[in-house]
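# sequence unknown, structure follows:
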């Protein structure tokens, strides 16, 4: 159980990954991205999660640079986009991301979506394996992969994914996928843990929040962590960035965990990875 913002989970290759980080989806490149990253790092965050398609890697990189924290104290993630699937394309996309971020290496690089219609994610994975072996990435993984995508990938992979970052929140708790990932030593990570704010007025969550003197968002983030799921809530406001990390001074009871588990309707709020093929 993580006890503070700097606590980490150990991936199957021995790399330590922070349990809580800053997500920057829909954060505008430039000053907004720079300020968000600097605010997070100033307030103790060690993990920053971006992606090529977010189009804010330059701002994120500048924020990291201006924060002035030693590189080896940070955990930086980016992702290869759908239009760059393929072996050579992925190698090039990685170099572009690295250049924009002004970094020499990434801590984690993910395949953003499987895009099964393309039939290229295995070639993309081979490129990630090469980059990993070359020491340019400390850990490699996937995002939005269902069990059957993982099974297909693992069948021919030299290296198993270390992380699977997926839609995960109380309404979509991915129990079967979580069990599969646990069995294979793949760390599950939640994107959109707050369901883009749609859960903040849920009666069960607000009742539990009142008991602990916490916000609904803090209760959801705490539920993630107690469920063994790495989480990366997004915010551009410093007070929210601080608030999202203020989750280590209380613990949900088993009864409260069970009540939140019961909110699972097994319904996605976002795209189905079997169908999502946007370039």
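Nice, thanks for sending it over. Values in this document were obtained by computation on a predicted structure and should not be read as measured data. Residues are numbered from 1 along each chain as shown.
# Distance-wise, check the residue lying farthest from the centre of the chain relative to residue 250.
Residue farthest from the centre of the chain, counting by Cα atoms, centre = their mean, is residue 211 at 28.7 Å. Noted for residue 211: a distance of 9 Å to residue 250, by Cβ to Cβ, to the nearest Å. All C-beta atoms are positioned from the backbone trio N, CA, C, and that covers glycine.
# now swap in residue 138 and tell me
Note on residue 138: its distance to residue 250, by Cβ to Cβ, is 32 Å.
# if I look at the residue farthest from the centre of the chain, how far off is residue 205?
Relative to residue 205, residue 211 is positioned 11 Å away (Cβ to Cβ).
# all strands of the stretch 151-279 of the chain, in order?
With strands called from DSSP state E, counting those that start in this stretch, the stretch 151-279 of the chain shows them at 163-167, 187-191, 230-231.
# Mind checking those for the one nearest to residue 29?
strand 187-191 (19.0 Å; Cβ to Cβ).
# count of neighbours near residue 184?
15 (other Cβ atoms under 10 Å).
# Could you say which of the strands of the stretch 151-279 of the chain is packed most deeply?
Comparing these by mean neighbour count (mean count of other Cβ atoms under 10 Å), strand 230-231 comes out on top with a mean of 26.
# Name the residues that touch that strand?
Residues from elsewhere that reach strand 230-231 (Cβ atoms under 8 Å, 6 or more residues apart in numbering): 9, 17-21, 163, 168, 187-190, 193, 221, 224-225.
# re the thing from before, in contact with the residue farthest from the centre of the chain, which residues?
Going by Cβ under 8 Å, 6+ apart, residue 211 touches residue 256.
# Got the confidence number for it?
Turning to residue 211, the model gives it a pLDDT of 98.
# Check the spacing between it and residue 268 real quick.
Residue 211 sits 29 Å away from residue 268, taking Cβ to Cβ as the criterion.
# and residue 16, backbone torsions?
The phi and psi values for residue 16, taken as degrees, to the nearest 10, are phi -90, psi 130.
# Just confirm it contacts residue 2, I think it does.
No: Residue 16 is beyond contact range of residue 2, at 11.7 Å (criterion: Cβ atoms under 8 Å).
# Just want to know which of those two has more residues nearby.
Comparing residue 16 with residue 2 by other Cβ under 10 Å, the one with more neighbours is residue 2, at 18 against 14.
# what's near enough to touch the closest residue to that one other than its chain neighbours?
What sits nearest to residue 2 in space, not counting adjacent residues and going by Cβ to Cβ, 6 or more residues apart in numbering, is residue 19, at 4.2 Å. Going by Cβ under 8 Å, 6+ apart, residue 19 touches 2, 7-9, 225, 230-231.
# Save those residues as CSV, and put in pLDDT and distance to residue 118 too.
Formatted as CSV, the contacts of residue 19 follow (pLDDT from 0 to 100; distance: Cβ to Cβ, whole Å):
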residue, pLDDT, distance to residue 118
2, 93, 37
7, 97, 38
8, 98, 34
9, 98, 31
225, 98, 34
230, 98, 27
231, 98, 29
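# any idea which of those is closest to residue 31?
Using Cβ to Cβ, the contacts of residue 19 come closest to residue 31 at residue 231, 25.8 Å.
# From residue 34, how far out is the closest one?
Using Cβ to Cβ, which is the criterion applied here, residue 231 is 23 Å from residue 34.
# Burial check on residue 32, number of neighbours?
Other residues within reach of residue 32, judged by other Cβ under 10 Å, total 16.
# all helices for this protein, in order.
In the chain, the helices defined using DSSP state H lie at 31-42, 57-67, 87-101, 121-133, 147-156, 175-183, 203-212, 216-226, 238-244, 254-261.
# can you pull the buried residues of stretch 214-233?
By neighbour count with 16 or more other Cβ atoms under 10 Å, stretch 214-233 contains the buried residues 214-227, 229-233.
# related to what we said a few turns ago, residue 179 is nearest to which of the strands of the stretch 151-279 of the chain?
Going by Cβ to Cβ, the one of these nearest residue 179 is strand 187-191, 10.0 Å.
# What pairs with that closest one, parallel or antiparallel?
strand 163-167 (parallel), strand 230-231 (parallel) (DSSP bridges).
# Select, out of the ones you listed, the one closest to residue 60.
Among these, strand 163-167 sits nearest to residue 60 (Cβ to Cβ), with 16.4 Å.
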